[in-house]
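# Got a predicted structure plus its sequence, pasted below:
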Amino acid sequence: MKTGFKNFIKLATFLLIVLGILVYLNQVFLYRDKSIWSTDYRVKQYKELPQNSVEVLFLGSSNLMSGINPVQLWEETGIQSYAYCSRAQTFPFTYAYLQDALKTQNPECVVIDAYSIFCDKIINNLSNTDFHFGINMDSLSVSAKSELITNYIYKKEWLSYYFPLFKNHNYYKSWENPEDEAAEIFMGFCFADGIEYYDTPQYSDNVAVMDEVDGIYLQKIIELCQEREIDLFVIKTPVAYTDEEHQKLNAAKQMCEAYGVEFYDMSLDAADWGFDFNTDMRDSFHINKNGAKKATSRIGEMLSEMYNFAENNTRQYADVWALEYERMNAFLELQTEQ
């Protein structure tokens, strides 16, 4: 009897050790992005903010992380905001990241970018590439991750998403690159260089059908914000979209209107606020730093009209944004000198 109990203890101890090693390796092999597009750093910086200090929370893809600058927004309007963004953040991931973000902040307004509309998705395939899916999934909390895996991942693939070790075992190659660009991220924003020339998109009244996943998760985002009594503002940063893409965007607009949610396609009145598709685009989906400066000012004007935010530098925690403003200016001065 005693021998059997001892063997059981030995086996249990061995299994616990193996499990501990697997859990440790699972963390080691999470995708670690050290570039200016890093989701990891954005999540880390966000979690370091004082609780309930964010008044406006931005969520979206790289379209938004290089398109709306929270530090400039603070300097111009006094609004304390953060760009809680990730690469190719489609609506399912926006919903999951929003769930995580609201654990420490209670913003007055959530602004999401409708990039998701332009990515073809079907059930069991939530993102436009396996790479983007992986880096989005790895940065989520276990609870947020679980909802997406359970509903939209084939059961045979569940293990590889709960334990990234099995799908990320080749990521050790990225460790060879010591470059760390985290210092170039400012409240979730990063500057994007480059210029490509595009014609101003033409308006269309036509409405196409949204992908099923987009419809499901846009509704979930709306309902989550309503449940938390947080205003939702859906935007699309300027994009040189095709007529078909515009029609899908119109479907998102139609859904927002049905729920009483504010929707703003920034491409449609771009000329009115000084945006030029010949000089302010980095590529067809991203605006450059010159365009971001204009887009940030435009969104700042709208938010200031929509809400009665206090005067600049008068609120609690304003020093957090003031320090980030100083850090960003020092970075820009160094860039000019170089």
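It's in. On a predicted model such as this, the values are computed, not experimentally measured, just so you know.
# Pull the contacting residues for G274.
Contacts were defined as Cβ atoms under 8 Å, 6 or more residues apart in numbering; by that measure G274 touches K294. Bear in mind the C-beta positions are built from the backbone N, C-alpha and C, glycine included.
# for the stretch 101-250 of the chain, what spans make up the strands?
In the stretch 101-250 of the chain, the segments counted as strands under DSSP state E, counting those that start in this stretch are 109-113, 231-236.
# Using CSV, please lay out those together with mean neighbour count and mean pLDDT.
Rendered in CSV, the data for those read as follows (neighbours: other Cβ atoms under 10 Å; pLDDT from 0 to 100):
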stretch, mean neighbour count, mean pLDDT
strand 109-113, 25, 97
strand 231-236, 22, 97
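# Same list (the ones you listed) but as a markdown table, adding distance to T13.
Formatted as a markdown table, the entries for these read as follows, by distance: least, Cβ to Cβ, whole Å:
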| stretch | distance to T13 |
| --- | --- |
| strand 109-113 | 47 |
| strand 231-236 | 51 |
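# And the pLDDT for the residue positioned nearest the centre of the chain?
With distances taken as Cα atoms, centre = their mean, C85 lies nearest the centre of the chain, 2.0 Å away. What the model reports as pLDDT for C85 is 95.
# so how far is D214 from it?
For C85, the distance to D214 under the criterion Cβ to Cβ, to the nearest Å works out to 18 Å.
# Check R42 too.
Between R42 and D214 the distance, using Cβ to Cβ, works out to 23 Å.
# swap in I36?
Here the distance between I36 and D214 works out to 27 Å (Cβ to Cβ).
# Next: T77.
31 Å.
# what sits against N52?
So, once contact is read as Cβ under 8 Å, 6+ apart, N52 ends up touching 104-106.
# doesn't A271 fall inside a helix?
Yes: when the secondary structure is assigned by DSSP: H, G, I helix; E, B strand; the rest coil, A271 falls within a helix.
# and it, what does it touch?
Shown in contact with A271 (Cβ under 8 Å, 6+ apart): T200.
# ok, now with 10 Å
By Cβ atoms under 10 Å, 6 or more residues apart in numbering, the contact set of A271 is 200, 277.
# From G194, how far out is it?
Here A271 is placed at a distance of 21 Å from G194 (Cβ to Cβ).
# what's the answer for L73, then?
23 Å.
# more neighbours, these two?
Between L73 and G194, counted using other Cβ atoms under 10 Å, the more crowded position is L73 (25 against 10).
# could you dump the helix or strand encompassing the more buried one to CSV, C-alpha only?
Under the assignment given by DSSP states H and E, the secondary-structure element containing L73 is helix 70-77. Taking only C-alpha atoms (Å, rounded to 0.1, in the frame of the first residue of the first chain), the coordinates of helix 70-77 have been written out as CSV:
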residue,chain,number,x,y,z
PRO,A,70,-2.5,59.9,-28.8
VAL,A,71,0.4,62.1,-27.7
GLN,A,72,-0.4,64.8,-30.3
LEU,A,73,-4.1,64.4,-29.4
TRP,A,74,-3.2,65.2,-25.8
GLU,A,75,-1.1,68.2,-26.7
GLU,A,76,-3.8,69.7,-28.9
THR,A,77,-6.9,68.8,-26.8
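# List the buried residues of that helix.
70-75, 77 (16 or more other Cβ atoms under 10 Å).
# How about stretch 293-308?
293-300, 302-303.
# Please narrow the residues you listed to those residing in strands.
Secondary structure from DSSP state E places none of these in strands.
# For those, could you give me JSON lines that also reports pLDDT and distance to F8?
Below are the buried residues of stretch 293-308 laid out as JSON lines (pLDDT from 0 to 100; distance: Cβ to Cβ, whole Å):
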{"residue": "K293", "pLDDT": "97", "distance to F8": "66"}
{"residue": "K294", "pLDDT": "98", "distance to F8": "68"}
{"residue": "A295", "pLDDT": "98", "distance to F8": "63"}
{"residue": "T296", "pLDDT": "98", "distance to F8": "63"}
{"residue": "S297", "pLDDT": "98", "distance to F8": "68"}
{"residue": "R298", "pLDDT": "98", "distance to F8": "67"}
{"residue": "I299", "pLDDT": "98", "distance to F8": "62"}
{"residue": "G300", "pLDDT": "96", "distance to F8": "65"}
{"residue": "M302", "pLDDT": "95", "distance to F8": "65"}
{"residue": "L303", "pLDDT": "95", "distance to F8": "62"}
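# Looking at per-residue confidence, what score does E245 get?
According to the prediction, E245 has pLDDT 88.
# That one: how many residues sit nearby?
Applying other Cβ under 10 Å, we find 19 residues neighbouring E245.
# That one touches S116, doesn't it?
No: with contact defined as Cβ atoms under 10 Å, E245 and S116 do not form a contacting pair (11.7 Å).
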